[in-house]
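Next input, structure requested:
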Amino acid sequence: MTKELPGLIMVFTGDGKGKTTAAVGQAIRALGHGYSVFMIHFMKGRDYGEFLATDKMPNLTLVRAGRDDFVSRDEPDPIDVELARDGFVQAEKAVMSEEYDMVVLDEINVAVDYGLISEEEVLNLLRNKPKNVAVVLTGRGASPELVKMADMVSEVLAIKHHYEHGADCCQGIEF
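You can find the predicted model right below:
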């Protein structure tokens with residue numbers, strides 16, 4: 001019998017590459033021990049490698065809450081707001097259902113920063129979540145309030161990136 005996961009709040013933030021990758025690794029670690037995971041990608045609509053691998057991972061539900069297009073920070077398209085709002089409703093249901101041991105809210109920090117989802121809604125979800133549900137939040141710009149509430153925060157620091165040398169976005173690396 002699988003032991004209950006502690007309901008930790010974990011945040012991966014910062015300007016460096018690897019926040020989603022770290023969250024995916026955390027999810028795979030949980031799956032390896034028989035836990036169930038719900039992962040939702042805010043502001044992403046492309047077929048990322050995670051989506052392509054899901055049929056090979058029992059106990060993982062993966063949802064998109066975005067489209068494969070850049071979102072304007074100053075004037076987000078109404079469809080981007082709608083997709084993020086709908087995604088947040090699904091995320092709330094997943095957290096509160098207790099059907100999942102871990103819920104990953106990928107890029108939610110950016111969705112909050114862009115005004116697609118209110119910070120207070122995210123903080124309220126975390127305050128009211130069942131004690132045994134772990135929640136992982138990713139994205140640049142985690143708010144001071146979220147950092148304070150979290151049990152674990154890792155900041156991914158940008159030191160060097162292959163884009164600086166003209167490299168293209170690469171399947172299997174960026175998506």
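
Every contact and neighbour count from this point should use C-alpha atoms.
Noted.

Doesn't Thr61 belong to a helix?
No: counting by DSSP: H, G, I helix; E, B strand; the rest coil, Thr61 is not part of a helix but strand.

Surely it and Leu31 touch.
No: counting by C-alpha atoms under 8 Å, Leu31 is not a contact partner of Thr61; they are 11.0 Å apart.

list the residues that contact both of the two?
Residues touching both Thr61 and Leu31 (C-alpha atoms under 8 Å, 6 or more residues apart in numbering): Val37.

so who does the residue nearest in space to the middle of the chain touch?
Centroid-nearest residue in the chain, with C-alpha atoms, centre = their mean: Asp106, separated by 1.4 Å. Contacts for Asp106 were tallied using C-alpha under 8 Å, 6+ apart; they are Thr20, Ala23, Met39, Ile40, His41, Phe42, Val136, Leu137, Thr138, Gly139.

Give me the pLDDT value at the first one.
Among the per-residue scores, Thr20 holds a pLDDT of 93.

Give the other helices and strands that the host helix or strand of it contacts.
In the assignment (DSSP states H and E), Thr20 maps to helix 19-32. For helix 19-32, the packing partners by 3 or more C-alpha pairs under 8 Å, 6 or more residues apart in numbering; DSSP states H and E come out as strand 9-13, strand 37-42, strand 102-106, strand 134-138.

and among the ones you listed, the most buried is which?
strand 102-106 (a mean of 27; mean count of other C-alpha atoms under 10 Å).

for that one, what is the average pLDDT?
Here the average pLDDT along strand 102-106 is 98.

residues in contact with the helix or strand that it is followed by?
For strand 102-106, the succeeding helix or strand toward the C-terminus, using DSSP H and E, is helix 108-113. Residues outside helix 108-113 that contact it (C-alpha under 8 Å, 6+ apart) are 41-43, 84, 117-119, 137-143.

what about Val147, distance to Gly87?
The gap separating Val147 from Gly87 is 22 Å, by C-alpha to C-alpha, to the nearest Å.

again but with Asp68, I slipped
Taken as C-alpha to C-alpha, the span from Asp68 to Gly87 is 15 Å.

Compare the two (neighbour count), which wins?
Gly87 (23 against 10; other C-alpha atoms under 10 Å).

Could you pull out the buried residues of the helix or strand containing that one?
Secondary structure from DSSP H and E places Gly87 in helix 78-97. If you call a residue buried by 16 or more other C-alpha atoms under 10 Å, then helix 78-97 has these buried ones: Asp80, Val81, Leu83, Ala84, Arg85, Gly87, Phe88, Gln90, Ala91, Glu92, Ala94, Val95.
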